[in-house]
Each structure stands twice: as C-alpha cells, then as structure tokens.
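Novice: Next comes the sequence, and after it the predicted model I'd like to discuss.
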Amino acid sequence: MNQQKRFDKLNKALIYVILFFFSIVSLLPLYWVFSTSMQLSSYESPEMERPISYVDSNPPKMYPMGFKLYFEHWGEAREAEKAGNTEEAQYHRDQMSHIMNNTFSSFVTLFKKHDIGKWFINSFYIAVVVTLGILLLDSMAGYVLAKKRFPGRNVIFWVIISTMMIPGQVTLVPMFIMIRDLGIMDTHWALILPDLSMVFGVFLMRQYMYSIPDELLEASKIDGASEWKTFWTVVLPLAKPGLAALGIFTFMNVWNSFLWPIIVLNNADLYTLPVGLKTLQDANLASFKLLMSGAAIAAIPMIIVFLIFQRYFVKGLTLGGVKE
Amino acid sequence: MEGNKTLASTTVSNRDLKPPNKPIYQMKRNIWKEMKKNYSSYLFLLPKLVLFSLFIAFPVVWALVLSFQEYRVNGSIFIGLDNYISVFKSEAFMIALKNTALFTAVTVPFNIISALVVASLIFPLGKISQNFFRSAFYLPTVTSMVIIAMVWRWMYNYDFGLFNHILGWFGIESINWLGQSSTALWALIIMQCLIPFGVGIIMYLASMGAISNTLYEAATIDGAGAIKKWFYITIPLLKPTTLYLVLLSTIGSFQVFTQIIMMTGGGPDNATETLVHLIYKTGFRDFEFGLAAAQSVVLFLIILVFSVIQFRMLRHDE
C-alpha cells in the first residue's frame, strides 16, 4: 500500500513536469514577443569598442537585458555616491536613463512615427460596434427562431445554418466587387457590414434561448407587454450568459480579423491593428524590436479580455462549438 | 396556444392524414393569416435577414455564377467551364493543393492527439491547477495569428533566431528555416503543431467531465489500470468530440492563410503556396476574378467532401 502511494505521488509529479514543459512550449512565443520588444538595442560601456545591440546578439539574451543592467548601474551609482565620487555617480545615472529610454524606445517610436495609436482606436471601435450590433441582431433573430412559430421559420433557419458550412473565402471576390460598386471601398463600412452579417451568433443564441421557460414569456404577454418589451425586459436579461459568450467571441474574431481587412483597406489612417502590423513588417523586415513591440501592443488587449472573462470563453466553446 | 392549433392545420402530417376539405386558395389564405398574426416575428428577423441576404447569400450565389464567367466591368461573359479547366491545369494550383493537403494531414492528427493527451493529463488535477494549465494552453488561441506568425518568423530567423541558437546547443548547424524550399513548408507545419490546440483541450475537458464515474469504478473492480481505462473507456466515449474537432480543424487547416502571407508569401518557389493564399493572389494581385471564384468554389467542394465523410462517420456510430 505504501509503495502504491509513493508510485502515485511519483506519477503526479511526472504529470506536473510534463504539463509545465508543454506550457513553456505554449507560452514561449508570447514571452518572446514581450522579451524582444523590451530588449536593449544599443548599449555602450567603456570596456566595449562600440555600442552593442542585445536584440540580435549571438547567443540571444533570454530576457530584456535593460532591467539587469539598470539595477547594476543603480547599485554602482549608490556606491559611488557613498564614496563621494560624484562624477562616476553621474555617469551611472546617465547610463540608467539611457537604458530606460532605450528599453521602451520602440513603443515610443510606434506611437510617434507610426500610426499605431490610430490603428488601435480603429480596431477597438470597430470591434465594439460589431459586437454590440451582433448581440442585438442575433439575439433578436435567435429569440424568434427558438420561441415563435410562424410560416417559414424552419426554412429560414436551415438556409442560415447551411451557409455556415461555406468557407468565407468563397464570398471574397463577389464581396469585393459589391463593396467597390457600393462606393464604400476603403471605409470602415466595408468591414462593419460584412461582419454584422456573420450567422454563427444566430445559431448560438437560438440554442441558448431554448432554455428560457415559456411560462415567463406568457406571463409577460398577459401583463400586456408588447413583443419588444418582453424581449427587452424578460428575454435579454435571462440570456446574459449566452450574450457574454457570444460577445467575447465576436470581439475576438473582429479584433483578430485579417484577410478581409487587408483586401479592402488602403488608407493608412483607416488600418486596423493586424493590417497595420503587416505593413509595419513589410516596411521594417529586420527591425525585430520594433515589430515585436507592435505585436505586443496588439496582443495585450486580448490577453486582458481573456483573463477577465475566462469562464465565458469556456462556456462559449462548450455551448455549441465555435467557428474560428 | 390558439396559434398552435391553427398552425397544426397547415402542417404536412395533418394534411396527409385526411385530404383537405377546403379549396387550396383558402389554405393559402390561412398561411397569409398566420404570417400577418406573427408580423412581429418577421420584424425581429428582418435586420439580420437583410444583412445575411446582401452580404452572404447573394455573394455565395454570385461566386458560383462568376466562376463560369470572365469578369469584365461592363458586363461579364459566360465562358462555361474554362475557369475550372484552367484551375486544374495550372501547376500553381496543384502545388497549393498538395501543400495544403500535406499541412492538414500532418497538423490535424498531431494537434488533436496532443490536445487529447494534454486534456487527459489536466483533467484529474485540482481546480486551481486545472484553471492554470487551461489558461496557459488557451492563451495562444486568443492571440491573433498575425502576431504569432510575426514572432515565429523572428524565432526562425537564420542569423539571430532562437531556434538556430537552440540547435547550436546540440551542435547542430543553423537551418535556413523559411528561406529554402526544402524546409519552409515543414517549418510552418512544425509551428502549427507546437501552437496548442486550445479549443480542442477545452472541449475535451468538458466532454471528460460528462463521462460517468461508475464506468471507471467498474473497470477498477475488474482490475483495469489507468492506461487501459484511457484506451477502453475515455477514448471511445470521446469519439463524438474527436470527430467534431477533426471536422473543425480540417476546415480551418484547409483555409490556412495568415501564416503564409506573414512569413513566406507562398515562397520560396511556391514551396509554401496554399489554396487560400493562391485565391488571394489570383483575385487581388492579378485581379482575375472569374478564376479566383472558380478556385474558391473548388476549395468549398473539397471542404464539403471532407465534412460529409466525417458527418457520415459520426452518424454511423450513433
């Protein structure tokens, strides 16, 4: 029995070791984005012949060198001050401020020389507008498809669902021609309108609305509430968890969407973050610190959204499967 | 409730039971009445239906039409199957098809098996560890592929990339991962295999939670070990989830695009050309709309065939 216990403990430890190893593999690329974005790209000290960059040093530095060197200089500056050597203390203070500036230099460049602030705002407001629109339209449609009986209901539902099987690339060319003929090429309408037409949410909300008890709807009707009022005051509050799941996935899909935006956007002022990142990469193929800083700025919002709303991600996935 | 009764008189089954004693035009009026009574339902559906028709249904039909046409601004002309013939005759398309198929054939099984293994390892853990690992494996999934592709391009860098450095630890010479046609596609395949399949892990965890414990208890009494239980209980009962995930990731894998345009542009020498990247190039670099439409219809048919086969397998089991 004792041996069995020891064996179990060993097993458990082994499982943790394996999982930690896999987690490192999983998170390494994201870590590398942040590490490179803050890597020291120019550092000079009296022992060196010329300034060196730790971004493309060989072997690569596994963490931002600036932080380490900053504390080294800080310690030496304090010692020099204690010894009364103001000149040396000043040198270390200068090095410290140089290191700080350099560590975050590419973030400053991105905001000053490139339009990443604009791209960020574009991405954000488009994602918010589409998410709110989708939540309203899809819950309205899902509600009547789940709870009402009327001629044509099944036909409408199946037509909508069957198009979910069709890959989005099929509509690229006709949409391009349409958007051009409508005269909204190179505007945000060209992104928002097609995104609002996505049908996955109708399916999801219909599944969710089934669980709302009919008695509540009847009661609201007996109270003399209009259809709209019933929907707004009874149905929507009950559907909150479903709405949260749908909202998060819509936000994520729109925030990350790439293929269609690179086709319809040409004006740099209108770029969304993924499109901006692509042009940034095309123009600065080898400035990895700059590129990784851009990537970091684009990654942070989704990471925060994920960490806050984690349980809704799980819920959304298990509610009906999610199209990526 | 009254609404239900009147509807019942118009359903197919009731009409089949006894021949209608009302003339046809009156039945039509019944439907019309039903529609009028439910006008609010149609109003609820209207905005979505308008958008759906305009930006999904209509373009899908147009894509089909366009694939038989040569597009011209002042009136396209029908050219029959010419676009399809050029699709299958073009070497680039065949290469793209081969690359996409290889990419899918390697990454889909690898990702699904590793998701199953990881989920099985996470499942018995306590709640806190479960949450921690689930987040660790799902985080890359919420990150845009554009970002992931950018950092992998950097890690694959010949001179300063992380991977060549790691190879150096083992005394292996640097590889020009993305820069030569012999390794470029495999570099993308390795990358796809090492990005955890977060959706799969979460779905497997949810399905494992639904398996009844009594099955495992019975197996324990029969003297089955953990591995035996995994093979004879867990895997068979997860089959529906597995098939769903295979379907989902096969469809996704056939549409691989972002990595290609961000990391290799289909090169070198078409070595990493894929179907969607080819459609993008044909449509929006060469502006051959008819041809691009035909390519996309072929892509759809390929995906459809896979989906039907997989649906059949699913139904066969139940």
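Specialist: Perfect, I can see it now. Residues are numbered from 1 along each chain as shown, chains lettered A, B, ... in the order given.
Novice: For residue 155, give me its contacts.
Specialist: Because you didn't say which chain, this covers chain A. By Cβ atoms under 8 Å, 6 or more residues apart in numbering or on different chains, no residues touch A:Val155. To be clear about C-beta, it is placed using only N, CA and C from the backbone, and glycine gets the same treatment.
Novice: My question was about chain B, not that one.
Specialist: So B:Met155 contacts A:29, A:32, B:161-163 (Cβ under 8 Å, 6+ apart).
Novice: Ramachandran coordinates for B:Glu70?
Specialist: Phi and psi for B:Glu70, reported as degrees, to the nearest 10, are phi -100, psi 120.
Novice: what's the pLDDT at it?
Specialist: Per-residue pLDDT puts B:Glu70 at 86.
Novice: May I ask you to confirm that it is in contact with B:Gly80?
Specialist: No - using Cβ atoms under 8 Å, B:Glu70 makes no contact with B:Gly80, being 10.3 Å away.
Novice: any low-confidence regions in chain B?
Specialist: Counting by pLDDT under 70, chain B shows low-confidence ranges at B:1-29, B:314-318.
Novice: per-domain residue ranges of it.
Specialist: Using automatic domain parsing, the domain ranges for chain B come out as B:2-83, B:85-317.
Novice: what's the most buried one of these?
Specialist: Across these, averaging neighbours per residue (mean count of other Cβ atoms under 10 Å in any protein chain shown) puts domain B:85-317 on top, at a mean of 18.
Novice: Report the distance from that one to the chain centre.
Specialist: In this view, domain B:85-317 has its centroid 10 Å away from the chain centroid, taken as Cα atoms, centre = their mean, to the nearest Å.
Novice: Kindly report the same for stretch B:37-47.
Specialist: 32 Å.
Novice: Output it as CSV, restricted to C-alpha atoms.
Specialist: Once non-C-alpha atoms are left out, stretch B:37-47 reads as follows in CSV (Å, rounded to 0.1, in the frame of the first residue of the first chain):
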residue,chain,number,x,y,z
LYS,B,37,-50.6,37.4,-37.0
ASN,B,38,-46.8,36.8,-36.5
TYR,B,39,-45.7,40.0,-38.2
SER,B,40,-43.6,40.9,-35.1
SER,B,41,-41.5,37.8,-35.5
TYR,B,42,-40.6,38.8,-39.0
LEU,B,43,-39.7,42.3,-37.8
PHE,B,44,-37.4,40.7,-35.3
LEU,B,45,-35.7,38.7,-38.0
LEU,B,46,-35.7,41.4,-40.6
PRO,B,47,-32.4,43.3,-39.9
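Novice: And the contacts of B:Met155, which is closest to A:Arg50?
Specialist: Distance to A:Arg50 across the contacts of B:Met155 (Cβ to Cβ) is lowest for B:Gly161, with 23.3 Å.
Novice: contacting residues around the closest one?
Specialist: Residues counted as contacts of B:Gly161 (Cβ under 8 Å, 6+ apart) are B:154-155, B:177.
Novice: for it, phi and psi?
Specialist: In terms of degrees, to the nearest 10, the main-chain angles of B:Gly161 are phi -70, psi 150.
Novice: sorry, back to before: format the contacts of B:Met155 as TSV; extra columns: distance to B:Met191 and secondary structure.
Specialist: Formatted as TSV, the contacts of B:Met155 follow (distance: Cβ to Cβ, whole Å; DSSP: H, G, I helix; E, B strand; the rest coil):
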residue	distance to B:Met191	secondary structure
A:Pro29	9	helix
A:Trp32	13	helix
B:Gly161	12	coil
B:Leu162	13	helix
B:Phe163	10	helix
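Novice: Great, nothing more from me.
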